[in-house]
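Chemist: coords below, sequence missing:
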């Protein structure tokens, strides 16, 4: 028998045989055994991991407020670079402007001259909700305008939702998610899915405030959104082809 197995057996016999630590000597022996096996260190590491997980979590009421606010879809506009990390879009009516912060990798592909970047769509979710200025600040969500025109919805993905309630696991579907763009940003996918989960499954309103959304693509790749926090700013600029979406699975947890 290995040394660690002998120590574990000794620890078990002390606890089972007495039910309690009968003496200070036994308590000291237990402490020595735990130190030898590294159990105290494992316990500390588990606590550290738990703390990291908690600091990563965002308040569900903040998430609820963000994902239930209105969204706007701007189409076929010219985007002008600004401040080394933004695209400026002026509506065709000429009133107000939308400033969109994009990731560095995405920003580098846009033209910086006065001609701007024509043929762009933007999925806008306002970030400066407390600001009454005419300018709207948003993040990511920029895609190319469709090359072709379509009479019907371009993509209506199959969405499976798994949740556990009162010890019973339920498999359901999510309805009403359609994509009419050839290119779609992860921001739009994430926002529309969470909004539907809030409306149809009570995400962030009741017992469910955690879980994952996994978007499976035809090439075997996938994109994952963690429901305990908002989609990361840099990922809001990422783009996929809507027709490449194979199916979407959602798991809801407390």
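Modeler: In hand now; what should we look at? Being a predicted model, the structure only gives us computed values, none of them experimental.

Chemist: show me where pLDDT drops low in the stretch 101-250 of the chain?
Modeler: 131-133 (pLDDT under 70).

Chemist: what are the ranges of the strands in it?
Modeler: Along the stretch 101-250 of the chain, the stretches classed as strands by DSSP state E, counting those that start in this stretch are 117-125, 135-139, 142-144, 159-165, 168-173, 183-185, 210-217, 222-226, 239-241, 245-253.

Chemist: which strands border the first one, and is each parallel or antiparallel?
Modeler: What it means is strand 117-125. strand 71-82 (antiparallel), strand 142-144 (antiparallel) (DSSP bridges).

Chemist: quick check: mean pLDDT of the longest one?
Modeler: Per-residue pLDDT values across strand 71-82 average out to 95.

Chemist: between that strand and strand 135-139, how many degrees?
Modeler: 90 degrees (axes from the mean of the first three to the mean of the last three Cα atoms, to 10 degrees).

Chemist: quick one: residue 66 is in a strand?
Modeler: No - per DSSP: H, G, I helix; E, B strand; the rest coil, residue 66 lies outside any strand segment and is helix.

Chemist: from residue 169, how far off is the closest residue to it other than its chain neighbours?
Modeler: Nearest in space to residue 66, with sequence neighbours left out and distances taken as Cβ to Cβ, 6 or more residues apart in numbering, is residue 230 at 6.3 Å. For glycine as for every other residue, the C-beta is placed from the backbone atoms N, C-alpha and C. Going from residue 230 to residue 169 by Cβ to Cβ, to the nearest Å gives 27 Å.

Chemist: please apply the same query to residue 126.
Modeler: 37 Å.

Chemist: ditto for residue 252
Modeler: Taken as Cβ to Cβ, the span from residue 252 to residue 169 is 11 Å.

Chemist: thinking again about what came up before, need the strands of the stretch 101-250 of the chain in CSV with mean neighbour count, can you?
Modeler: Converted to CSV, the strands of the stretch 101-250 of the chain look like this (neighbours: other Cβ atoms under 10 Å):
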stretch, mean neighbour count
strand 117-125, 20
strand 135-139, 20
strand 142-144, 22
strand 159-165, 17
strand 168-173, 10
strand 183-185, 21
strand 210-217, 18
strand 222-226, 15
strand 239-241, 18
strand 245-253, 18
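
Chemist: rebuild these as JSON lines, extending it with distance to residue 67.
Modeler: Putting the strands of the stretch 101-250 of the chain into JSON lines (distance: least, Cβ to Cβ, whole Å) gives the following:
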{"stretch": "strand 117-125", "distance to residue 67": "9"}
{"stretch": "strand 135-139", "distance to residue 67": "14"}
{"stretch": "strand 142-144", "distance to residue 67": "20"}
{"stretch": "strand 159-165", "distance to residue 67": "16"}
{"stretch": "strand 168-173", "distance to residue 67": "19"}
{"stretch": "strand 183-185", "distance to residue 67": "15"}
{"stretch": "strand 210-217", "distance to residue 67": "12"}
{"stretch": "strand 222-226", "distance to residue 67": "11"}
{"stretch": "strand 239-241", "distance to residue 67": "20"}
{"stretch": "strand 245-253", "distance to residue 67": "14"}
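
Chemist: wait, which of these is closest to residue 102?
Modeler: Nearest of the strands of the stretch 101-250 of the chain to residue 102, taken as Cβ to Cβ: strand 142-144 at 6.2 Å.
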